[in-house]
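Asker: Quick one, what's the 3D model for this:
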Amino acid sequence: MTHLAFVFPGQGSQQLGMLADVAEQYPLIRQTFGEASDALGLDLWQLCQENEAELNKTENTQPVLLTASIALWRVWQAFDGAKPAYLAGHSLGEYSALVAGGVMSLADGVRLVALRGRLMQQAVPAGLGAMAAILGLDDATVIDVCQSVSNVGVVEAVNFNAPAQVVIAGETEAVQAAMKNATERGAKRALILPVSVPAHSSLMRPAAAMLADALENIDFHQAVIPVVQNVTARAEANSTAIRQALVSQLYSPVKWSASVEYLVSQDVTRVIECGTGKVLCGLNKRINKGLTCETLENVASLTTALAIK
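Answerer: Residues are numbered from 1 along each chain as shown. Model (predicted):
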């Protein structure tokens, strides 16, 4: 039996004009954006169609991407798409997965991730934090690289995205020192990322404490579809455990490789990326070549995926 999983992308998948062609064919897209915009008091559709500078501010990027994912999810459900056995999301995408899984409402989700974006930006002033991708070294070596420059400042391995693809984050000088050390130790590439917030590093602990307070005011429900957590790379349905994991997620590594391997261990063979772009499809194929990976980012791909039952 083919087991299906839906995965939801994180920041970096946004682009101006996203979902414009899908919205022309499926009114549910604009309806979902309208619902999310009302919850925030901000026109998210106009923002992602016309204002790139505002779109790329993390407090806007996060609710836009969550809304885009849920809009596509609703289209999938409305047109009788196959029900997934599991959901998973990368970083911010975990919130999209939780809304899709019935754990929280769309309105609560967009308000929560907008706050998450503001708290993350406030935790480390612009210019003082950085993230970089290290390609060509195994996980243990990247962890060791970070530890070897700890005298310079805070830098940690924060996204285990795929074999030989790890993202590090921390204080800018320490990240630069780790990049240099990684290159000396044989990394194929060390690339600074266009992100000012060192997400998933210990520098996010102050933000996590404030996020925890906000989470206490959100109604959480048992997941109707199990959601694989970034922090544990295991499925969790219990709402209390999910709430606690979202706090930890802000200052803990995203275990994406392990999450995908967990899905494979649960007999998942087909994965659909529910959002804009195809970043996760690329990572998933590197993690396990046996997976069938599809996207829903345009009308053609959505139509093709819906036709497979």
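Asker: and the next element down the chain from the lowest-mean-pLDDT helix or strand in the chain?
Answerer: Using mean pLDDT, DSSP states H and E, helix 52-55 stands out as the lowest-scoring helix or strand of the chain, at a mean of 86. Where DSSP states H and E defines the elements, the next helix or strand beyond helix 52-55 is helix 58-78.
Asker: pLDDT on that following helix, on average?
Answerer: What helix 58-78 shows for mean pLDDT is 95.
Asker: Then stretch 196-212?
Answerer: 94.
Asker: Now that stretch: buried residues?
Answerer: S196, V197, P198, A199, H200, S201, L203, M204, A207, A208, M210, L211 (16 or more other Cβ atoms under 10 Å). For the C-beta atoms, the positions are set from N, CA and C on the backbone; glycine is no exception.
Asker: Quick check: the fifth one touching F160?
Answerer: No: between H200 and F160 no contact is recorded; they are 10.3 Å apart, counting by Cβ atoms under 8 Å.
Asker: Spit out the contact partners of the nearest residue to S239 once chain neighbours are set aside.
Answerer: Excluding its sequence neighbours, the residue lying closest to S239 (Cβ to Cβ, 6 or more residues apart in numbering) is F220, at 3.8 Å. F220 makes contacts with V103, M104, S239, T240, I242, R243, as judged by Cβ atoms under 8 Å, 6 or more residues apart in numbering.
Asker: now do 6 Å
Answerer: V103, S239, R243 (Cβ atoms under 6 Å, 6 or more residues apart in numbering).
Asker: Skip the chain neighbours and tell me the closest residue to Y86.
Answerer: Closest to Y86 by Cβ to Cβ, 6+ apart is A5, at 4.3 Å.
Asker: number of nearby residues for T232?
Answerer: Residues within reach of T232, counting by other Cβ atoms under 10 Å, total 17.
Asker: Number of residues surrounding the spatially closest residue to it that is not a sequence neighbour?
Answerer: Distances taken as Cβ to Cβ, 6+ apart place A245 nearest to T232, at 6.8 Å, with adjacent residues excluded. Neighbours of A245 under the rule other Cβ under 10 Å: 20.
Asker: In what element of secondary structure is A245 found?
Answerer: Judged by DSSP H and E, A245 forms part of helix 239-249.
Asker: where exactly do the helices run in this protein?
Answerer: With DSSP state H, the ranges of helices along the chain come out as 20-25, 27-40, 44-50, 52-55, 58-78, 93-100, 106-123, 139-148, 172-184, 205-215, 239-249, 256-265, 279-287, 299-306.
Asker: and the second one, which residues are buried?
Answerer: Looking back up the chat, that one is helix 27-40. So, applying 16+ other Cβ under 10 Å, buried residues of helix 27-40: L28, I29, R30, T32, F33, E35, A36, S37, A39, L40.
Asker: Identify the farthest-apart pair in those residues.
Answerer: L28 and L40 (18.7 Å; Cβ to Cβ).
Asker: wait, what's in contact with P63?
Answerer: V110, V113, A114.
Asker: Give me the nearest residue to it, chain neighbours excluded.
Answerer: Nearest one to P63, counting by Cβ to Cβ, 6+ apart, is V110 at 4.1 Å.
Asker: quick one: the one you found and G41 touch, right?
Answerer: No: contact criterion Cβ atoms under 6 Å: V110 and G41 do not qualify, at 10.6 Å.
Asker: re the thing from before, from the contacts of F220, which is closest to E216?
Answerer: When the contacts of F220 are compared for distance to E216 (Cβ to Cβ), R243 wins out at 8.1 Å.
Asker: mind checking pLDDT for the closest one?
Answerer: 92.
Asker: quick one: contacts for it?
Answerer: Here R243 is in contact with L215, F220 (Cβ under 6 Å, 6+ apart).
Asker: likewise T292?
Answerer: Contacts of T292 by Cβ under 6 Å, 6+ apart are R270.
Asker: switch to 8 Å and redo it
Answerer: T269, R270, V271.
Asker: ranking these by neighbours, who comes first?
Answerer: V271 (26 neighbours).
Asker: Test my guess that that one contacts K278.
Answerer: No: contact criterion Cβ under 8 Å: V271 and K278 do not qualify, at 11.3 Å.
Asker: burial measure for the closest residue to W256 other than its chain neighbours, as a count.
Answerer: The shortest distance from W256 to any non-neighbouring residue, by Cβ to Cβ, 6+ apart, is to N161 (5.1 Å). Using other Cβ under 10 Å, the number of residues around N161 comes to 23.
Asker: so how far is S248 from N161?
Answerer: 19 Å (Cβ to Cβ, to the nearest Å).
Asker: and Y26, what is it in contact with?
Answerer: Contacts of Y26 (Cβ under 8 Å, 6+ apart): V75.
Asker: and if you look at V99?
Answerer: L66, I70, S105, L106, G109.
Asker: How about the contacts made by the residue lying closest to the first one once chain neighbours are set aside?
Answerer: Residue nearest to L66 in three dimensions, not counting chain neighbours: S96, with 4.9 Å by Cβ to Cβ, 6+ apart. Taking Cβ under 8 Å, 6+ apart as the contact definition, S96 lies against F8, L65, L66, S69, I70, W73, G89, G109, C274, G275.
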